[in-house]
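S.K.: I would like the atomic coordinates for the input below:
(one chain, ligands or ions: 2)
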Amino acid sequence: MRKVALLTGVTGQDGAYLSEYLVKKGYTVHGIKRRASSFNTNRIDHLYQDPHQENRNLILHYGDMTDSMNITRIIGDIQPDEIYNLAAQSHVKVSFDTPEYTANVDGLGTLRILEAVRLLKLTDKTRIYQASTSELYGLVQEVPQKETTPFYPRSPYAVAKLYAYWITVNYREAYNMFACNGILFNHESPLRGETFVTRKVTRAVARIALGIQNEVYMGNLSSKRDWGHAKDYIKAMYLILQQDTPDDYVIATGITTTIRDFIKKTFREIGIGIEFSGEGVNETGKIAQINTDLFVEKIGEPYLEAMRKRIGEAVVKVDPEYFRPTEVELLIGDATKARTKLSWEPKYNLDTLIEDMMQNDVKEMKKEAYLKEAGYRILNYFE
Ligand code: NAP
Ligand code: G4F
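M.R.: Ligands and ions are numbered 1, 2, ... in the order given. Next comes the predicted model:
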């Protein structure tokens, strides 16, 4: 008998990697996707199977976290062994613009899943993974942060996720459900949404090197994040649901880096040295030097001369538009429990993560460079 998993948020970064991972493990994976006016499944298109084919291992259902009846019907129909609740309005800055919607999807959405499992009398069969977050620690009360560190959320997103965290614990205790929180620190990849800081930077650096973008505008350069690779983190999600007893786990690398250093490392990956100077909104990152061999290897000889001419120019600037009303300044996780109990070990470090993201984005942006040369208008996305 194949195991059946249901993934909410299947079209997102983690949903894409986890569905591929579970399909490879022999699961039948059901995913909930939102109806959109254009196709929104590009991250999982390589797994797509014709709906007329028999014995499919990836099946998509239309749905939405705000629609209890839809969620309950899907869970009732497919009777999953495991549910991975990954769907969320997951952008912290956007949650300040859409706080009610974020609370509905990220907070109440989790309740809808738990309550559906309970009402359908699936509590003994269905295990639930809740995508909790290091944003819960917010204004951190302890360094590094672990499972016992008190929470202090700093955004509508984090407050909504706080509700989701506790309602998961409550259903576990009240109804003896196998419901677990993975408290995941930031994890990135070539599939990361383009408006999160790492992907914004890797795309912009590739575009600057290829001459299709002049500079990039950033927010707070001094905040620190503990970044891992999404491919490592989805394995932890799976392991959390394979244990004998339900529990909550921190998943992190234990290393923290400023946004400023992430930018420097990303430029360095393709042979460009950046130096920062100035303070606050006047801080800039200027091109200090170019490692010719590395630049030619990673970007290509045709782009070298134009880049050389830009030495001394500011390519990183600050726009206060990207500041948040309340910021999370420092995140660094202690994943000892996961390493010990789940035997979870990440394969990637920050350098190999950046290498992976840059390889992908240079390739993608070369297509844009080609279109630009052919006379097409290429937009600069600063979001
Ligand atoms: P993501 O790329 O933004 O994906 C979010 C997914 O949720 C997408 O499939 C999205 O659909 C879906 N979604 C959004 N609103 C929905 C709604 N109302 N109904 C149904 N689906 C909806 O996020 P991710 O990085 O994969 O993260 C997965 C989960 O982990 C999220 O819950 C996030 O909050 C949490 N988390 C992420 C990190 C991280 O660093 N990545 C760390 C800790 C926790 P569309 O594709 O249609 O937009
Ligand atoms: O990449 P970010 O937008 O991620 P953030 O806010 O840490 O949230 C992500 O990780 C959480 C886990 O801790 C998830 F729960 C959440 O769903 C999401 O995946 O921003 C990281 C840092 C922030 O301090 C932000 O202020 O980068 C800073 N930053 C500086 N300039 C910027 C920018 N962030 C974005 N998005 N864009 C900028 O231009």
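
S.K.: quick one: residue 90 and residue 112, what's the gap?
M.R.: Distance of residue 90 to residue 112, computed by CB to CB, to the nearest Å: 17 Å. Bear in mind the C-beta positions are built from the backbone N, C-alpha and C, glycine included.

S.K.: what do you get for residue 54?
M.R.: Residue 54 is 31 Å from residue 112, by CB to CB.

S.K.: Report the contact partners of residue 49.
M.R.: Each residue near residue 49 by CB atoms under 8 Å, 6 or more residues apart in numbering is listed here: 56-58.

S.K.: Could you turn the buried ones of the residues you listed into a PyMOL selection?
M.R.: Remark: buried members of the contacts of residue 49, expressed as a PyMOL selection using 16 or more other CB atoms under 10 Å:
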select buried, resi 56+57+58
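
S.K.: which ones among the contacts of residue 49 are found in strands?
M.R.: residue 58 (DSSP state E).

S.K.: The contacts of residue 49 into a markdown table, with extra columns for pLDDT and distance to ligand 2?
M.R.: Compiled in a markdown table, the contacts of residue 49 are given as follows (pLDDT from 0 to 100; distance: CB to the nearest ligand atom, whole Å):
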| residue | pLDDT | distance to ligand 2 |
| --- | --- | --- |
| 56 | 94 | 30 |
| 57 | 96 | 28 |
| 58 | 97 | 24 |
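
S.K.: Now render the contacts of residue 49 as TSV, adding distance to residue 286.
M.R.: As requested, those are exported to TSV (distance: CB to CB, whole Å):
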residue	distance to residue 286
56	53
57	51
58	47
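
S.K.: Please list the outside residues in contact with the longest helix along the chain.
M.R.: Identified as the longest helix of the chain according to DSSP state H is helix 350-373. Residues from elsewhere that reach helix 350-373 (CB under 8 Å, 6+ apart): 188-190, 192, 198-199, 202-203, 205-207, 209-212, 227-229, 253, 255, 257, 262, 265-266, 269-270, 298-299, 348, 378.

S.K.: ditto for stretch 167-182
M.R.: With contact meaning CB under 8 Å, 6+ apart, stretch 167-182 is reached by 107, 110-111, 114, 117-118, 123, 126-132, 165, 236-237, 240-241, 246-249, 251.

S.K.: Tell me the residues of the stretch 101-250 of the chain that contact ligand 1?
M.R.: Near ligand 1, the residues belonging to the stretch 101-250 of the chain are 105, 131, 133, 184, 186-187, 193 when assessed by CB under 6 Å from any ligand atom.

S.K.: just the buried members of these?
M.R.: 105, 131, 133, 184, 186-187.
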